[in-house]
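Chemist: sequence-free structure coming up:
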């Protein structure tokens, strides 16, 4: 089904049976249980900032995603947002949906569920007890996006005030994280918490979202927005910050020199990321437009109970 949200979040094909947002308001959201492999493992790809009708190497990245997806036997794909440039889709019949999505990600391995970050409300996908993924709308936390100061128009119909809206987002996220018993906890938003790319760190997220991630032992925060690939480690907690926003147009040479604390990897070209999880280990791999491995990282957890 096609899912309508606001600018650049407009449509994403999801094989789901529930409506995520409708008309001038938002529909009730619910958990969705995603199956895992028989051996208790799970793998998926992460891609962001991609919808450009195949241009800026989008098609080439998609080709390599298909190859890696087949090799890993992925369960689904996560998009970190900005799905259709420049201003989303005009409606259900906009040809850009076919031109930027259906005709681009054609590999058989990619014909799985696609989940998108930065929807108007956060909602978790419950993946048994192995992993739980929480999507949070990061756009309203940044004042210039809520007030349309950057030259783009965002659809905030149904949201009367930014302050209570973001407060409710945080409240819902806190409840979901507190109740989660998953082995791995992953939060996905569009904007970076840590980045040396064009936009840099998002101070509003550092001040308001990051404390929750630390309190409830989130393992990974994944995002797009900056058109690059990045990996930061946090010095005060186990959380890893992973940027995968290089699905099409990259910003070569647009790098900030300040605040590199915890930087493990940065690449200013096109590419994507894979995630492999099992009961005891997580593996993160970044790939370039040719499918070459750029960066690997892994971590292990002790097994306290069976999943």
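Modeler: Okay, I see it. Here the structure is a predicted model, which means the values were calculated and not measured. Numbering: from 1, shown residues only.

Chemist: where does the stretch 1-150 of the chain have low pLDDT?
Modeler: Residues of the stretch 1-150 of the chain meeting the criterion pLDDT under 70: 1-30, 117-128, 148-150.

Chemist: Identify the bridge partners of residue 284.
Modeler: Taking DSSP bridges, one finds residue 275, residue 297 as the beta-bridge partners of residue 284.

Chemist: gap between it and residue 147?
Modeler: 35 Å (CB to CB, to the nearest Å). Yep, even glycine has a C-beta here, placed from its N, CA and C like the rest.

Chemist: Next, count neighbours for residue 292.
Modeler: The number of residues packed near residue 292 is 10, by other CB atoms under 10 Å.

Chemist: need the strands for the stretch 1-150 of the chain, in chain order.
Modeler: When assigned using DSSP state E, counting those that start in this stretch, the strands of the stretch 1-150 of the chain occupy the ranges 32-33, 42-47, 76-79, 113-116, 123-127, 131-135.

Chemist: JSON lines for those, including mean neighbour count and distance to residue 251?
Modeler: Rendered in JSON lines, the data for the strands of the stretch 1-150 of the chain read as follows (neighbours: other CB atoms under 10 Å; distance: least, CB to CB, whole Å):
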{"stretch": "strand 32-33", "mean neighbour count": "13", "distance to residue 251": "33"}
{"stretch": "strand 42-47", "mean neighbour count": "25", "distance to residue 251": "16"}
{"stretch": "strand 76-79", "mean neighbour count": "23", "distance to residue 251": "19"}
{"stretch": "strand 113-116", "mean neighbour count": "21", "distance to residue 251": "22"}
{"stretch": "strand 123-127", "mean neighbour count": "21", "distance to residue 251": "30"}
{"stretch": "strand 131-135", "mean neighbour count": "25", "distance to residue 251": "25"}
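
Chemist: Among residue 284 and residue 147, which residue is more densely surrounded?
Modeler: The residue with the greater number of neighbours, taking residue 284 and residue 147 and applying other CB under 10 Å, is residue 284; the counts read 23 against 11.

Chemist: I'd say residue 247 and residue 273 touch.
Modeler: No. The pair residue 247 and residue 273 does not pass the contact test of CB atoms under 8 Å, sitting 10.4 Å apart.

Chemist: So for these two, which residues contact both of them?
Modeler: With contacts taken as CB atoms under 8 Å, 6 or more residues apart in numbering, residue 247 and residue 273 have residue 47 as neighbours in common.

Chemist: Which one of the two is surrounded by more residues?
Modeler: Ranked by neighbour count (other CB under 10 Å), residue 247 and residue 273 place residue 247 first, with 29 against 26.

Chemist: State the phi and psi torsions of the closest residue to residue 259 other than its chain neighbours.
Modeler: In space, residue 259 comes closest to residue 201 once its chain neighbours are excluded; the distance is 6.1 Å by CB to CB, 6 or more residues apart in numbering. Reported as degrees, to the nearest 10, the phi and psi values for residue 201 are phi -60, psi 150.

Chemist: just checking, residue 201 touches residue 191?
Modeler: No. Residue 201 is not in contact with residue 191 according to CB under 8 Å; the separation is 9.8 Å.
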